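Undergrad: got a structure for you, letters missing:
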């Protein structure tokens, strides 16, 4: 699910970039700097599992960077859902986080649109998310 080239928005300022393995340490640092929840959330191990070792299939992470520095992220993790006695592959939108200096600029909407397209194009017909308090 990670093979798409970067996509820019209509204004051209922000570019949605597919995650690459080399982004893993920077992604962990981004969460350490910006995530106010449980201390270990956003570790390299968590994202490695979501992308590479997920039992339901490979996940995806999309990033927005400013001068090479991650400023916003959204991921989709495939999951297996049992509905009416049948196993179905779905995707959970997760890890939505934007640096506080970059909020209110439409970054989540850009990421959400690209991740949704990518998930649907991968053949997964159902996407869900679980909102938090923020």
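TA: Arrived safely, thanks for sending. In this text the structure is predicted, and so the values were computed from the model without any measurement.
Undergrad: quick one: pLDDT of the most centrally placed residue in the chain?
TA: Per CA atoms, centre = their mean, the C-alpha nearest to the average position across the chain is that of residue 75, at 1.6 Å. Looking at residue 75, its pLDDT stands at 93.
Undergrad: so it touches residue 93, yeah?
TA: Yes. Counting by CB atoms under 8 Å, residue 93 is a contact partner of residue 75 at 7.5 Å. Any C-beta I mention is one placed from the backbone N, CA and C, and that applies to glycine too.
Undergrad: Overlap in contacts, the two.
TA: Residues touching both residue 75 and residue 93 by CB atoms under 8 Å, 6 or more residues apart in numbering: residue 115.
Undergrad: Distance-wise, check the residue nearest to the centre of the chain relative to residue 84.
TA: 28 Å (CB to CB, to the nearest Å).
Undergrad: Just say helix, strand or coil for residue 25.
TA: helix (DSSP: H, G, I helix; E, B strand; the rest coil).
Undergrad: Touching, it and residue 43? I think so.
TA: No. Contact criterion CB under 8 Å: residue 25 and residue 43 do not qualify, at 10.8 Å.
Undergrad: is it fair to say the residue nearest to the centre of the chain lies in a strand?
TA: Yes. Counting by three-state DSSP, residue 75 is part of a strand.
Undergrad: what is it paired to in the beta sheet?
TA: Under DSSP bridges, the beta-bridge partners of residue 75 are residue 61, residue 94.
Undergrad: What segments of this protein are strands?
TA: 7-8, 15-18, 60-66, 69-83, 86-98, 127-129 (DSSP state E).
Undergrad: For stretch 15-26, measure first residue to last.
TA: Start and end residues of stretch 15-26 are separated by 17 Å (CA to CA, to the nearest Å).
Undergrad: And it, what's buried?
TA: For stretch 15-26, the buried set under the neighbour-count rule, 16 or more other CB atoms under 10 Å, comprises 16, 17, 18, 19, 23, 24.
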